[in-house]
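# Here's a sequence, model it:
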Amino acid sequence: MTGHNLIDVITKDHREVEAVFTELEGRLGTPEHRRDLADHVIAELVRHSVAEEMYMYPAVREHVPGGGEIADHEIEEHAEAERIMKRLEDIPATDPGFETTLNELTGAIRHHVEEEESDLLPKLAAACSREQLEELGEKVIRAKKIAPTRPHPSAPDTPPANMLLAPGAGLIDRLRDKLSGRDV
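Residues are numbered from 1 along each chain as shown. Sure, this is the predicted structure:
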């Protein structure tokens, strides 16, 4: 083990996404730069969500009292964010709808992060051993490397289907990204 505690991995992802949101809210740069930033944050959010759904939420169900309800709520928030990301993906940065949809996404994600960090992550940290959290952290890091980079709102979001289909969708997304010049 290299010591990648799940709580630290998830929290680091949250901070990185927040930094991109802050940059986007500054409304600086060309429309192309803002589109690139939006594509980057979408890719990061999708990878993060898929990894959580593959490993963190099953651990919450298993180890946290009432974990099934908590995980279901978090997965529903992911699904809503993914629908917003899918809409944002198709809006040019010069369109007024870009800012509106971006604001909707940042609000949804900030709410989700607040809930995770104030409730779910402390409960999971209390319920799991250090070794379990490190193993989960490593699994999340590996999952993010093969996860999709584009929103797929109709894709399964719970094991085992998501664990079977996400790597294939991720491969196709990375190929699409490369062919389209999308640098995420």
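# measure the nearest residue to Glu77 once chain neighbours are set aside to Ile91 for me?
Counting by Cβ to Cβ, 6 or more residues apart in numbering, His112 is the residue found nearest to Glu77 once chain neighbours are left out, at 4.7 Å. In short, each C-beta sits where N, CA and C put it, glycine included. Going from His112 to Ile91 by Cβ to Cβ, to the nearest Å gives 21 Å.
# if you count what's nearby, which of the two comes out ahead?
More neighbours surround His112 than the other of His112 and Ile91, with 20 against 17 (other Cβ atoms under 10 Å).
# secondary structure element for the more buried one?
Using DSSP states H and E, His112 sits in helix 96-115.
# So which elements touch that helix?
Counting contacts by 3 or more Cβ pairs under 8 Å, 6 or more residues apart in numbering; DSSP states H and E, helix 96-115 is packed against helix 6-25, helix 31-51, helix 67-89.
# Pull out the buried residues from the shortest one.
In other words, helix 6-25. Residues of helix 6-25 classed as buried: 6-7, 9-10, 13-14, 17, 20-21, 23-24 (neighbour count, 16 or more other Cβ atoms under 10 Å).
# Could you export the residues you listed as CSV, including distance to Arg61 and pLDDT?
Shown next, in CSV, are the buried residues of helix 6-25 (distance: Cβ to Cβ, whole Å; pLDDT from 0 to 100):
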residue, distance to Arg61, pLDDT
Leu6, 15, 97
Ile7, 17, 97
Val9, 19, 97
Ile10, 16, 98
Asp13, 21, 97
His14, 21, 98
Val17, 24, 97
Val20, 30, 96
Phe21, 29, 97
Glu23, 35, 95
Leu24, 34, 95
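# thinking again about what came up before, identify the residues contacting the helix holding His112?
By Cβ atoms under 8 Å, 6 or more residues apart in numbering, the list of residues contacting helix 96-115 from outside reads 14, 17-18, 21, 24-25, 27, 34, 38, 45, 73-74, 77-78, 80-81, 84-85, 87-88, 91-92.
# If we go by neighbour counts, what in that helix is buried?
Quick answer for helix 96-115 (16+ other Cβ under 10 Å): 98, 101-102, 104-106, 108-109, 112-113.
# Serialize those to CSV and add fields for pLDDT.
As requested, these are exported to CSV (pLDDT from 0 to 100):
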residue, pLDDT
Phe98, 97
Thr101, 98
Leu102, 97
Glu104, 98
Leu105, 98
Thr106, 98
Ala108, 97
Ile109, 98
His112, 97
Val113, 98
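# could you dump those to CSV with distance to Lys123?
As requested, these are exported to CSV (distance: Cβ to Cβ, whole Å):
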residue, distance to Lys123
Phe98, 36
Thr101, 32
Leu102, 31
Glu104, 28
Leu105, 26
Thr106, 25
Ala108, 22
Ile109, 20
His112, 16
Val113, 15
